[in-house]
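> Provided below for reference: sequence and predicted model.
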Amino acid sequence: MASRNLPSTAAMQCFEAAARHMSFTRAADELSLTQSAVSKQVAHLESILQHKLFRRVRRSLLLTPEGAIFLSDVRKVLAQLEMSTHTIMTYSGNSEVLKVATLPSFGSRWLADKLPAFLAANPGISLEFHDRVEDFDLEQQDIDIALFYGHGSWPNLACHKLVDEEMVAVAAPTLLAQHPVEAANDLAQLPLLHLSTRPDAWHHWFAGQEIATDRSYHGTRFETFPMLVRTAMAGGGVALVPRFVVDEELAANRLMLAWPHRLHSESAYYLVYPEHLGELAKVRRFVEHLTASAAVTTAIESRL
């Protein structure tokens, strides 16, 4: 393998400290080095990069544009190295790490409640979570298991359906008190709040009740459920969201169902993982736990 012309960790630490203090002297004090040693490390770094990282103005330092760009990456590298070091230092040899990616709203509103029981039953497995808003290649990003929203077919992935999705129209009690809804088409006269990734959701909600309106595509659009829900709670309009996203707000009367009709989505939430990982104990146990939890959730919802 060809040798890599990479800077040393010591050089990056000296540069980061000097940039934070804007002083070689204060950086040297922090690192228990001499001012000359810090200066030499930074100079060596500049020779490798073939760019100046600092400008010396009288007795102070200023980052060059190249220095500012490099500083951002150096801090990421040092932070990752520190985290990895602490992980290995505290590694007992009895713990396995399961890397899980989830849609943020599904993770916080459905998955999080299922985790304590899994962790209590599997003390030898540590979970590491990553948020993802779109489908991705699990192996390329070193993820063991992911939760996807879709039709349940992804190449080279084992798929387990967890829960269907039903969309409900919700609004703040104050808004509904000011604008009583006596029929489903009354909602078309209120501000409609949309999720930008589902621009036709309101159209399908109205169409499912044989209501024709030219306002189903009008209204404010949001990229994420949390801001959409908060806007609805503040009285900004009627939101069409998955029921599990607003269960807590409905129970606490911070939101109310604006109309009882439920839109059943064609897609659902799935647990997926590369097929060859299915025999790993940590993967198998997580799959068994979530599929069992999903079955309980489905049974409860079917009685509502």
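Arrived safely.

> Tell me the confidence at Ser126?
pLDDT, Ser126: 89.

> Just the pLDDT at the residue at the greatest distance from the centre of the chain, thanks.
Most distant from the centre of the chain: Arg58, at 45.9 Å, with distances by C-alpha atoms, centre = their mean. In this model, Arg58 is scored at 78, pLDDT.

> For it, grab phi and psi.
Phi and psi for Arg58, reported as degrees, to the nearest 10, are phi 50, psi -120.

> before we move on, what about Gly219?
Torsion angles, degrees, to the nearest 10, at Gly219: phi 130, psi 180.

> isn't Ala258 right next to Val238, touching?
Yes: between Ala258 and Val238 there is a contact at 5.1 Å, judged by C-beta atoms under 8 Å. (C-beta placed from N, C-alpha, C; glycine too.)

> for stretch 171-183, how far is the first residue from the last?
15 Å (C-alpha to C-alpha, to the nearest Å).

> next one: stretch 112-129
OK, stretch 112-129 end separation, C-alpha to C-alpha: 11 Å.

> what about Glu182, which SS state?
Put simply, Glu182 is coil when judged by DSSP: H, G, I helix; E, B strand; the rest coil.

> ok, now how distant is it from Tyr269?
34 Å (C-beta to C-beta, to the nearest Å).

> the more surrounded of these two?
Neighbours of Glu182 and Tyr269, each counted by other C-beta atoms under 10 Å, are more numerous for Tyr269; the result is 23 against 7.

> which residues touch that one?
Tyr269 is in contact with Leu103, Phe106, Trp110, Leu147, Phe148, Tyr149, Lys161, Leu162, Val163, Glu165, counting by C-beta atoms under 8 Å, 6 or more residues apart in numbering.

> I'd say the second one and Leu147 touch.
Yes: at 5.9 Å, Phe106 counts as touching Leu147 under the criterion of C-beta under 8 Å.

> If we ignore the residues flanking it in sequence, what's nearest the most centrally placed residue in the chain?
Central residue of the chain (C-alpha atoms, centre = their mean): Asp131, 2.5 Å from the mean position. Among residues not flanking Asp131 along the chain, Pro104 sits closest, at 4.7 Å (C-beta to C-beta, 6 or more residues apart in numbering).

> Also Ala212?
Nearest non-adjacent residue to Ala212, counting by C-beta to C-beta, 6+ apart: Phe206, 7.4 Å away.

> Helix or strand: which one has the one you found?
helix 201-207 (DSSP states H and E).

> quick one: the residue nearest to the centre of the chain and Gly107, what's the gap?
On the measure of C-beta to C-beta, Asp131 and Gly107 end up 7 Å apart.

> Can you report how many residues lie near Leu157?
Neighbour tally, Leu157, other C-beta under 10 Å: 21.

> average pLDDT across stretch 61-80?
Averaged across stretch 61-80, pLDDT comes to 94.

> which SS state does Ala146 fall under?
strand.

> Enumerate the beta-bridge partners assigned to it.
Beta-bridge pairing of Ala146 under DSSP bridges involves Ala101, Val272.

> Verify the contact between it and Arg132 for me.
Yes: with contacts counted by C-beta under 8 Å, Ala146 reaches Arg132, the gap being 6.8 Å.

> Now for those two: what residues contact both?
Ala101, Thr102.

> These two: which has the busier surroundings?
Using other C-beta under 10 Å as the criterion, Ala146 and Arg132 rank with Ala146 on top: 23 against 17.
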